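Student: quick one, what's the 3D model for this:
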Amino acid sequence: MSVYGQDWSSYQSASPDTSGLAFAFIKVTQGLSYTNPSWVSQRAAARKAGLVVGFYHYPNIANSPAAEADHFLSQINLVAGDILCLDWEWYGQNVTNAQARAYKDAWLAYVKAKVPGHKVGIYCDTGNWKNVDTNSNCGDFLWIADYTTAGQPRVQHPWTFHQYTDSPLDKDIANFATAADLKAWAGVGGGSGGGGSTAGAEIYPGASKAHWYSTAYPGDPMTVNTIVWHSTETLALPDYSGGSIAPTLTAVPDFKTQKLVWYQHFGFDESARALVHDKTQIGTNTLNVAQVEIVGTCDPTTHATWSKAGTEHLYMPELPDWAIADLNAFAHWAHDQHGVPLTSGLTWKPYPASYGNNGVRMDTAAWSAFKGHCGHQHVPQNDHGDPGQFPIAQILEADMPLTDADAQKVALAVLGYRNADAEKKNPNMPDVYGYIAGTSGAVASLTAQVGALSGAITALTKSGGITAEQVQAAAAAGAKAALDELASALGKAGV
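Tutor: Numbers count the residues shown, from 1 in each chain. Alright, predicted model coming up:
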């Protein structure tokens, strides 16, 4: 047994050394208000090293177990194989042992019901386990703290993890023969586990992988809940310094076909590299975000220059309807396949007011909690102002109106429609356009005939050869006969 790990809180480094480790437990929350300021960076380090990752919550026993569990779970976007744990300690809290037991049992049951695909257990020391617990309920696993020889905790109950020392930091060992056995038990690679967003396709349908950078710059695995929109400020697909500063996808306009051509550079649930990312602070590239660059500009000065030169380009505040439709389709795919909310709730400032300290850039707490769609101008640690005044409401719209090109396609389809059943009866039946054209010609011919007849009737009336009453009776009879003939023709055509 040599499957070692560590557990980290704010007392440990935000970028801990993962050498020789197979797993790590990370403190996320305490009570209803505290969040470990280093947990996101610590998680990124653990994921990058390929560790099995556990997250734990320290309770305030007097609070509602369900409320604290919801607070805890709301911080995390779980991926397959993540482990959840209650740190069953209550130092300095004026509660009874019965209250502590009740909290434990309620918390375990509630969390397991919320995320049934994940292992849910408890951490405690031997004192609480032997003297406070009465039912041996530890959920899916017991993580026991007993500072003795690694792998030999002094408890009779089966254990899964053993914290065997706290010097110079908390160290643990897992009760598995190999790291592969631990991963298999945790469910690594077994799907979303029900706790994060929907596990969906990693490659956007139709996207080209001709500029794929994940091999050269492999990213961290994530469960994306946020889209960050950028504009490239170029007229063509950038090379992104060989991929070292590339986003997840790039959308390149094809003005001839009026479509966006998509290039994917990293897997959707893999961190990209287009944001400034200070590893000593909260993550940006690694904080569950997919990044989309749109080839074009948000700068009105650049827009004016390119327009004066007659250069076709996308200007973010004035995107054509076909570009908005394609971006809308992507946003809905990210929602349907990965659960990314179709919301923003942010102010999108025009460039250059969106640059730098712009009044809409999120702080680390807001950034950590954010889910939905934002721009480069909203991301902390960054000063860029793209994509400026972006039509986010239209891009997130549920029912996107037809573009002019799509409306023309619908019209042409209608004009070319043939009734299949009627066509069996009359193989020579024209399509809708042919019928309208034929009817239009027939109407024109009838109009000419009616005009000629009207002239003849007028002449007869004036000469006294026919009375007005006779004209009216003849007109009524003729109109009825014509309508009957038209109805018969339409019936034969299947209309």
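Student: show me where pLDDT drops low in the stretch 1-150 of the chain?
Tutor: 1 (pLDDT under 70).
Student: strands of that one, residue ranges please.
Tutor: 3-8, 23-30, 34-35, 52-58, 83-87, 119-125, 142-145 (DSSP state E, counting those that start in this stretch).
Student: residues in contact with the second one: which ones?
Tutor: The set of residues that contact strand 23-30 without belonging to it, under CB atoms under 8 Å, 6 or more residues apart in numbering, is 3, 5-10, 16, 18, 35-36, 39, 42-43, 46, 51-60, 68, 71-72, 75-76, 83, 85, 87, 123, 143, 161, 172, 174, 179, 182. (C-beta placed from N, C-alpha, C; glycine too.)
Student: for the shortest one, same thing?
Tutor: With contact meaning CB under 8 Å, 6+ apart, strand 34-35 is reached by Val28, Thr29, Gln75, Ser368.
Student: quick revisit: now the strands of the stretch 1-150 of the chain as a markdown table including distance to His157 and mean neighbour count?
Tutor: Formatted as a markdown table, those follow (distance: least, CB to CB, whole Å; neighbours: other CB atoms under 10 Å):
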| stretch | distance to His157 | mean neighbour count |
| --- | --- | --- |
| strand 3-8 | 19 | 22 |
| strand 23-30 | 19 | 24 |
| strand 34-35 | 30 | 16 |
| strand 52-58 | 19 | 24 |
| strand 83-87 | 16 | 25 |
| strand 119-125 | 11 | 22 |
| strand 142-145 | 6 | 24 |
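Student: among these, which is nearest Trp212?
Tutor: Nearest to Trp212, of all those, is strand 52-58, at 26.6 Å by CB to CB.
Student: alpha carbons only: can I get the closest one in CSV?
Tutor: The C-alpha trace of strand 52-58 is given here as CSV (Å, rounded to 0.1, in the frame of the first residue of the first chain):
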residue,chain,number,x,y,z
VAL,A,52,-8.1,12.1,-7.6
VAL,A,53,-9.7,15.2,-6.0
GLY,A,54,-11.8,15.4,-2.9
PHE,A,55,-13.6,18.5,-1.6
TYR,A,56,-14.5,18.9,2.1
HIS,A,57,-16.8,21.1,4.1
TYR,A,58,-16.3,22.2,7.8
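Student: what pairs with it, and is each one parallel or antiparallel?
Tutor: Strand 52-58 sits in its sheet next to strand 23-30 (parallel), strand 83-87 (parallel), going by DSSP bridges.
Student: list of residues touching it?
Tutor: Residues contacting strand 52-58 (CB under 8 Å, 6+ apart): 5, 7, 22-31, 39, 43, 46-47, 68-69, 72, 76, 81-87, 89, 107, 123, 179, 182-183, 186, 188.
Student: give me the angle between it and strand 119-125.
Tutor: Strand 52-58 runs at 60 degrees relative to strand 119-125, counting by axes from the mean of the first three to the mean of the last three CA atoms, to 10 degrees.
Student: strand 3-8 and strand 52-58, what's the angle between them?
Tutor: Using the same axes, to 10 degrees: strand 52-58 against strand 3-8 is 40 degrees.
Student: what pLDDT does the residue sitting nearest the centre point of the chain get?
Tutor: Taking CA atoms, centre = their mean as the criterion, Val340 is the residue nearest the geometric centre of the chain, at 2.6 Å. Val340 is assigned 91 on the pLDDT scale.
Student: ok, now which ones touch it?
Tutor: By CB under 8 Å, 6+ apart, the contact list for Val340 reads Ser197, Val224, Asn225, Thr226, Ile227, Ala290, Ala331, Ala334, Lys371, Gly372, His373.
Student: and the helices in the stretch 201-350 of the chain, which stretches?
Tutor: Taking DSSP state H, counting those that start in this stretch as the criterion, the stretch 201-350 of the chain carries its helices at 240-243, 300-308, 321-338.
Student: tell me the buried residues in stretch 256-271?
Tutor: For stretch 256-271, the neighbour count (16 or more other CB atoms under 10 Å) marks 258-271 as buried.
Student: now find how far off-centre that stretch is within its chain.
Tutor: On the basis of CA atoms, centre = their mean, to the nearest Å, stretch 256-271 is displaced by 14 Å from the centre of the chain it belongs to.
Student: if you skip the residues just before and after it, what's nearest to Asp326?
Tutor: Once flanking residues are discounted, Asp326 sits nearest to Leu260: 4.1 Å by CB to CB, 6 or more residues apart in numbering.
Student: and the nearest residue to Val95 once chain neighbours are set aside, how far from Phe266?
Tutor: In this structure, Val95 finds its nearest non-sequential neighbour in Ile61, 4.3 Å apart by CB to CB, 6+ apart. Ile61 sits 43 Å away from Phe266, going by CB to CB, to the nearest Å.
Student: next one, pLDDT for the closest residue to Ser2 other than its chain neighbours please.
Tutor: Of all residues not flanking Ser2 in the chain, Ile173 sits nearest, at 7.9 Å (CB to CB, 6+ apart). pLDDT for Ile173: 97.
Student: same deal with Asn288?
Tutor: So Asn288 comes in at 86 (pLDDT).
Student: so it touches Val224, yeah?
Tutor: Yes: if you go by CB atoms under 8 Å, Asn288 and Val224 touch, sitting 5.4 Å apart.
Student: who has more neighbours out of these two?
Tutor: The neighbour count for Asn288 versus Val224, taken as other CB atoms under 10 Å, is higher for Val224 (26 against 22).
Student: which strand residues bridge Leu260?
Tutor: Going by DSSP bridges, Leu260 forms beta bridges with Pro253.
Student: pull up the distance across stretch 168-181, start to finish.
Tutor: Counting by CA to CA, to the nearest Å, you get 28 Å between the two ends of stretch 168-181.
Student: for Ser354, grab phi and psi.
Tutor: With angles defined as degrees, to the nearest 10, Ser354 sits at phi -80, psi 0.
Student: show the pLDDT at it.
Tutor: For Ser354, the model assigns a pLDDT of 98.
Student: what residues does it make contact with?
Tutor: By CB under 8 Å, 6+ apart, the residues touching Ser354 are Cys298, Trp348, Val360, Gly375, Gln377, Gly385, Asp386, Gly388, Gln389.
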